[in-house]
Every structure is written in C-alpha cells, then in structure tokens.
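# After the sequence you'll find the predicted model.
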Amino acid sequence: MARSYVSEARRKVGPKRDRIRPVIERLSAEYADARIALLFRTPLELLVSVMLSAQTTDVNVNRVTEKLFQKYRRPEDYLAVPQEELEEDIFQTGFFRQKAKALRGTMRILIEDYGGEVPDSFEALLRLPGVARKTANVVSAERGHAQGIVVDTHVRRLSQRLGLTKEEDPVKIERDLMKLVPRADWARFPHLLIWHGRRVCDARRPACEDCVVRELCPSSRV
Ligand code: SF4
C-alpha cells in the first residue's frame, strides 16, 4: 500500500531529470542569499573553520573563530604555541584534542609543501590531516572550483524527500547528485537545500503548505 502510494507520488511529479532545474530555480529565487554560514576572510580561515565545524554548529564555530583568528593569523602561529594552548582555544567546538592535532598536522604540511598557502587542488586538500571529502568539498566550492557536492544532514534528507536519490550513504548520494545537478550549480545547490531544510523542510515537521517546490516533490503532504 505504502509502496504504491510512493510510486504514484513519483509518477505524478515526473522524472527527476525534468524536475531538477525548476527545483534549483525556485529555491534560488526564494533564497537569493543562500551561502555558507561560517565566517572567514582568507582561504586559511576558511579551511580552519570547516575543520572545526565537524560535529558542531556553524554558530558555535563562528563564536570560537572570532577570537581564534585574531591570535592565529598564519600557519606558523598554530605551531608556535603548545598543543594544549590550541586545545583550550578551540575547546568549545568539541573533539578539541583531535581537532588541535589535525590543525597542527595540516599547518605543518602547508608550511613544508605549499609555502604556507592553502592548496587549490582537491587531491592536495584531501591529503591534509583531518580533511575528509566533505571538508575538501566545502573549501573547493567556496574558492570557486567545486569538485563535488557537499552532502550534510539537510542535503541528505531533502535529496531523499525530493526523490533525487534513494541512497543513504553520503558518498552515493553525492554521486547521484553530481549526475543530476548542472556543474555550474554544484557549489550553490547544497546551500539552497540547507537553507530550505532549516526554514521549511524540517526533519520532523516539514511545512509542505509553505514550500515553493511542493508541486515538484513526491513527499509533499499537501
Ligand atoms: S514539499 Fe514538503 S517534503 Fe517536499 S521539499 Fe517541500 S517541505 Fe519538504
């Protein structure tokens, strides 16, 4: 019964290939300001912010980095203090021991291999300690050369509800989205879903009656 209801809903909204552009257009019109919530001024600050954002909120990271970035301006600054001091300075972001260790390892490589700069290449980013695919994706996208599509909890939930993927695993979801979303939209697309997820398509109570993509969504309740 449930299965036929789902396939009926899918049939009604049409194939995902036909829906993806109108979905992006409507969400872009609704959230013209959709952008990353982390605050940073330089590629180094961007990288550090994203590394600190694992397992915590962007608001919390911004609170910590406001002071942190006054004290730590260059990669060398992260190595000039004892690890315990850095741990204290990032304590409020959680997992502070692993994060301090990853930050210091990363800074060492930036200094030794990249002249103190954050590398452009996605593969080079992935080789930095504590930088997984999601972090590398966010950093690349913000620097104007997205190599993939960031999949966080909102992107995962909304992609599933919008019938863009049937997968659960973030890597497989990303693969599905990369086949579907035009490359020019890879950087913007996750922000649109994240903003929509926070404002309308809530995990427990999606406000389908207020949703600008409800006619395009097989999970719409209205
Ligand atoms: S129609 Fe409902 S379930 Fe679908 S995207 Fe909008 S709020 Fe989410």
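The structure has been received and is ready for your questions.
# what mean pLDDT would you report for the helix ranked longest in the chain?
Identified as the longest helix of the chain according to DSSP state H is helix 96-114. This predicted structure assigns helix 96-114 an average pLDDT of 98.
# Likewise for stretch 180-187?
On average, the pLDDT along stretch 180-187 is 97.
# Would you mind measuring the gap between the ends of that stretch?
The first residue of stretch 180-187 is 14 Å away from its last residue (CA to CA, to the nearest Å).
# Just the buried positions in that stretch, please.
180-181, 185-187 (16 or more other CB atoms under 10 Å). (C-beta placed from N, C-alpha, C; glycine too.)
# do the same with stretch 189-207
Buried residues in stretch 189-207, counted by 16+ other CB under 10 Å: 189-197, 200-201, 206.
# Identify the residues contacting that stretch?
For stretch 189-207, the external contacting residues (CB atoms under 8 Å, 6 or more residues apart in numbering) are 24, 27-28, 30-31, 34-36, 141, 149-155, 157-159, 161, 177, 181, 210-211, 213, 219, 221.
# now Thr135, nearest residue through space, not along the chain?
Setting aside the residues directly before and after it, Thr135 is nearest to Val50 in space (CB to CB, 6 or more residues apart in numbering), at 4.9 Å.
# Just confirm the one you found is within a helix.
Yes. The assignment for Val50 (DSSP: H, G, I helix; E, B strand; the rest coil) places it in a helix.
# so who does it touch?
Applying CB under 8 Å, 6+ apart, we find Val50 in contact with 38, 135, 138-139.
# One more pass at 6 Å, please.
By CB atoms under 6 Å, 6 or more residues apart in numbering, the contact list for Val50 reads 135, 138-139.
# List the ones among these that fall in strands.
Using DSSP state E, no member of those falls in strands.
# distance of the nearest residue to Ile24 once chain neighbours are set aside from the ligand?
Leaving aside its chain neighbours, Ile24 sits nearest to Asp185 (5.6 Å; criterion: CB to CB, 6+ apart). Distance, Asp185 to the ligand, by CB to the nearest ligand atom, to the nearest Å: 17 Å.
# One more: Gly197?
Going from Gly197 to the ligand by CB to the nearest ligand atom gives 8 Å.
# Helix or strand for that residue, just tell me which one.
When elements are assigned from DSSP states H and E, Gly197 belongs to helix 188-199.
# after the least confident helix or strand in the chain by mean pLDDT, next one along is what?
Least confident element among the helices and strands of the chain, by mean pLDDT, DSSP states H and E: helix 2-13 (a mean of 74). Moving toward the C-terminus from helix 2-13, the next helix or strand (DSSP H and E) is helix 16-30.
# Would you indicate which residues of that following helix are buried?
By neighbour count on 16+ other CB under 10 Å, the buried set for helix 16-30 is 16, 19-20, 23-24, 26-27, 30.
# Next, the angle from that helix to helix 2-13.
Interaxial angle of helix 16-30 relative to helix 2-13 (axes from the mean of the first three to the mean of the last three CA atoms, to 10 degrees): 70 degrees.
# Any residue of helix 16-30 touching the ligand?
No. Using CB under 6 Å from any ligand atom, helix 16-30 stays clear of the ligand, coming no nearer than 8.7 Å.
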